[in-house]
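Enquirer: Show me how the following folds:
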Amino acid sequence: MELPKFVLGDNTDFPDDIFVIHLDFPRFVINLRNDEVEIIDDIEEAEEQELSEELERLIVEATEFYDREIARYDE
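Expert: Numbering: from 1, shown residues only. Alright, predicted model coming up:
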């Protein structure tokens with residue numbers, strides 16, 4: 001099965017939160033309400049510095065993905 005790079009997540013226990021889940025490495029969940037990020041994959045300290053810039057880029061992509069998806073719902 002081919003998975004998309006990002007998916008939207010919703011949960012009635014968190015009605016004000018908007019989650020975007022990144023399914024490629026490094027997998028993470030971002031809550032767009034407060035920009036809190038939870039990394040799912042185990043990342044070693046040495047990798048953490050290398051992934052820092054990539055993570056920043058992916059967080060921007062996650063936000064753009066959400067904006068695009070919402071625009072499509074409005075159509």
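Enquirer: Now do the contacts for the residue lying closest to F6 once chain neighbours are set aside.
Expert: Spatial nearest neighbour of F6, excluding adjacent residues (Cβ to Cβ, 6 or more residues apart in numbering): F65 at 4.4 Å. Every C-beta, even on glycine, is put in place using the N, C-alpha and C of the backbone. Neighbouring residues of F65 by Cβ atoms under 8 Å, 6 or more residues apart in numbering: K5, F6, V20.
Enquirer: Run through the helices of the protein in chain order.
Expert: Per DSSP state H, the chain carries helices over the ranges 45-74.
Enquirer: So how do I select the buried members of the contacts of F65 in ChimeraX?
Expert: Selecting only the buried members of the contacts of F65 in ChimeraX, with burial defined as 16 or more other Cβ atoms under 10 Å, works like this:
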select :6,20
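Enquirer: Closest one to D13 out of the contacts of F65, please.
Expert: Closest approach between the contacts of F65 and D13, by Cβ to Cβ: V20, at 17.4 Å.
Enquirer: Distance check, the closest one against L51.
Expert: 17 Å (Cβ to Cβ, to the nearest Å).
Enquirer: Please apply the same query to F6.
Expert: From F6 over to L51 (counting by Cβ to Cβ), the distance is 17 Å.
Enquirer: ok, now how distant is the residue sitting furthest away from the middle of the chain from T63?
Expert: Taking Cα atoms, centre = their mean, the residue of the chain most remote from its mean C-alpha position is E75, at 23.4 Å. Counting by Cβ to Cβ, the separation of E75 from T63 is 19 Å.
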